[in-house]
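A.B. asks: okay, predicted coordinates and the sequence, questions at the end:
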Amino acid sequence: MAETIVEVRGLTKKYGKKTTVRGIDFDVREGEVFGILGPNGAGKTTTLEMLEALRPIDGGGALLDGIDVKKHPHKVKEIIGVQLQSTSFFNQLTLVELLRLFGGMYHQTVHPYKLLEMVNLRDKAKSTVDTLSGGQRQRFSVASALVNKPKVLFLDEPTTGLDPQARRNLWELVQDIQKTGITIVLTTHYMEEAQLLCDRVAIMDNGKIIALDTPDNLIKDLLKKGFKKKAEVQQADLEDVFIDLTGKDLRE
Amino acid sequence: MKDLNAVWIMTKLFTLRFFRDKIALFFTLVFPLIFLVIFGFIFGGNESPSFNVALINKSQTDFSKTFVEETKNGEIFQITETDFESAKEKMGRGEFDAILEIPEGFGALDEQGRPSGTLTSYFDPGDEQVASGFQATLQGVLDSINAELVQVEKPLQLESKPIQTANLTRFDYTLAGLLGFSIMGLGIFSMSEGFTVDKKTGSLRRMKVAPIRAWQLIVATALNRIFVGMISIAFLFITALLIFDFNMRGDYISFALFSMIGTACIFGFGMAIAGWAKDANQAAPLTQIITLPMMFLSGIFFPTFLMPVWLQNVTQFIPLTPIVDGLRMVLTEGKTLLDLGPQLAIIGVWTLVIYLIAFKVFRWE
């Protein structure tokens, strides 16, 4: 079994009297794609931002590659890549320049063209972010999170707002990144996305983790309880129809 | 060392970004230039003062006719004949500097056959400086007529000759204030504007993801702005030289170094405001509170020596004052950096204090 790279114990976040993350525990193993699922307001983003050292931890703690987030936030930032849920880049700089800027912040020599190649934006190297489509912007955001060759990559709802083609494209990118050995922690509220990408998922609701296992095991557990889908399971759904009609090619 | 390298890369790219931002460019390079040109033309001439005077003539004597005629032809007074009520109303609006009333029988001959009488001048007490200037000038005119009429040799006399000390024009004097004004504009207005926008869009937050510290961002931004500030000052200075015949007496090294130090200091204020404020709504009032005293009490528009002594004692500690004073001393008096100890001391203390505050209150979002 792979080593644990993220170790979360009793992680808690309070805003005034409201507790949004209630002492959660979980481990992420090296090289896996770990999904945090849950409805809006479940505490997914807050959890991620505490691990990314962007928000103070109010209780419990977390180790990333053995580094205590609370004690050494800057050391943690050096080994992680972060794609924020909503983010923005300077519109006056080209993609290559932005990657150089971020590389500079990590004291890393960056190869902007290689990174852009990886996210399929090589031909947009000299463009600015405001000219990119939603999917391209999201892929650039991922590229910018890879400048420091992170050990753990955090993706916060990476496909929200994307059309089916762009979403599939991003899924492939996530799988490609996983192949390079980077551990990925992502949040989503699309179940098919979690089922396809994640090795294991934690389901969060009201600031607590209410289930944690591989997607297959979670489904098996449900079936064991005698669950049956109301409608007869079809071999295709509307999204399959949509993709079949419009093709897999990216529209951007 | 690594940290400084990051600062350097950030500085370079921030500067590149700045030069691609057309609005920022307009406000930092073109806007101060427009300002300079307008002020240059206002203060540019070396004209002697002239007064707008409402004249109410109630006398029909020959002398008063000649007096009015002569005064009208002179260059010092712009005379408009009118009635008292409308003159008073217009003076209230600032259209007239004073009202001059020539009473009935003014200029009638007395026993010795000399024209005599008393003129009355009305002035707005709210505008005492202009009024006293007008009165002194008018008194001078009367004195010279009196001297002709009476023909007495005065044993004590005052002779006034205009000499231009070191040939200083009013524009030469004004330039330091204008440079101070544009440093303030760049350092405080454009700074707090730009930074709060970056907070709003979240691009600062994206940088917070990286292992950089607030001081690195602050220093990189300050360096970038100082560089831009130098370019803006160079632009203004070249315009002053070419269009307004500015007479540079100081040395360029002192000028450049002192401007740089001054700019760095003032940027600290913009940085502290912008770093602290969460959005433009928080930044705006604070910007006003800090810039208004600078604008009116630092000698940008009004020379500090015209202020009452107690106020001068206060204004010399306003951070922009030593900067404007120092620039003026370099530009018009040929002082070098070594002569500016007191100014540099005040600037130094402010710089230290304001950057400590800026580091302390900085917020990423």
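C.D. replies: Cool, got the structure. Numbering: from 1, shown residues only, chains lettered A, B, ... in the order given.

A.B. asks: how far off centre is the helix or strand hosting A:Ile36?
C.D. replies: Using DSSP states H and E, A:Ile36 sits in strand A:33-37. How far strand A:33-37 lies from its chain's middle: 8 Å, per Cα atoms, centre = their mean, to the nearest Å.

A.B. asks: so what's the residue count around the closest residue to chain A within chain B?
C.D. replies: Using Cβ to the nearest Cβ, B:Ile9 is the residue of chain B that sits closest to chain A, at 2.9 Å. Any C-beta I mention is one placed from the backbone N, CA and C, and that applies to glycine too. Close neighbours of B:Ile9, defined as other Cβ atoms under 10 Å in any protein chain shown, add up to 18.

A.B. asks: so how far is A:Ala145 from it?
C.D. replies: 18 Å (Cβ to Cβ, to the nearest Å).

A.B. asks: out of the helices and strands in chain A, which is least certain?
C.D. replies: Within chain A, no helix or strand scores below helix A:238-246, which has a mean of 79 by mean pLDDT, DSSP states H and E.

A.B. asks: give the buried residues for that one.
C.D. replies: Of all the residues in helix A:238-246, not one is buried under the rule 16 or more other Cβ atoms under 10 Å in any protein chain shown.

A.B. asks: check contacts around residue 69.
C.D. replies: Unless you meant another one, I'm taking chain A. By Cβ atoms under 8 Å, 6 or more residues apart in numbering or on different chains, the contact list for A:Val69 reads A:50-51, A:53, A:57, A:61-63, A:76.

A.B. asks: at 10 Å what do you get?
C.D. replies: A:6, A:8, A:11, A:50-53, A:57, A:61-63, A:75-77, A:80 (Cβ atoms under 10 Å, 6 or more residues apart in numbering or on different chains).

A.B. asks: what's the answer for B:Leu217, then?
C.D. replies: Per Cβ under 10 Å, 6+ apart, neighbours of B:Leu217: A:105, B:6-7, B:10, B:14, B:195, B:204, B:207-208, B:271, B:275, B:362, B:364.

A.B. asks: please, which helix or strand holds it?
C.D. replies: Going by DSSP H and E, B:Leu217 is part of helix B:214-243.

A.B. asks: buried stuff in that helix?
C.D. replies: Across helix B:214-243, burial judged by 16+ other Cβ under 10 Å covers B:214, B:216-229, B:232-233, B:235-237, B:239-240.

A.B. asks: then stretch A:50-65?
C.D. replies: A:50-54, A:57, A:60-65.

A.B. asks: ok, that stretch near chain B or not?
C.D. replies: Yes: residues of stretch A:50-65 are located near chain B by Cβ under 10 Å from any Cβ of the partner chain, namely A:52-54.

A.B. asks: for these, give me CSV that also has secondary structure.
C.D. replies: Output for those, formatted as CSV (DSSP: H, G, I helix; E, B strand; the rest coil):
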residue, secondary structure
A:Glu52, coil
A:Ala53, coil
A:Leu54, coil
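
A.B. asks: in CSV, list the residues you listed along with distance to A:Glu157.
C.D. replies: CSV is the format used below for those (distance: Cβ to Cβ, whole Å):
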residue, distance to A:Glu157
A:Glu52, 14
A:Ala53, 19
A:Leu54, 15
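
A.B. asks: on that earlier part again, okay, the least confident helix or strand of chain A in CSV with CA atoms only?
C.D. replies: What follows is helix A:238-246, C-alpha atoms only, in CSV (Å, rounded to 0.1, in the frame of the first residue of the first chain):
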residue,chain,number,x,y,z
LEU,A,238,-28.6,12.2,-22.0
GLU,A,239,-25.0,13.3,-21.7
ASP,A,240,-23.9,10.3,-23.8
VAL,A,241,-26.5,11.5,-26.4
PHE,A,242,-25.1,15.0,-26.2
ILE,A,243,-21.5,13.9,-26.7
ASP,A,244,-22.5,11.5,-29.5
LEU,A,245,-24.3,14.3,-31.3
THR,A,246,-21.8,17.2,-30.7
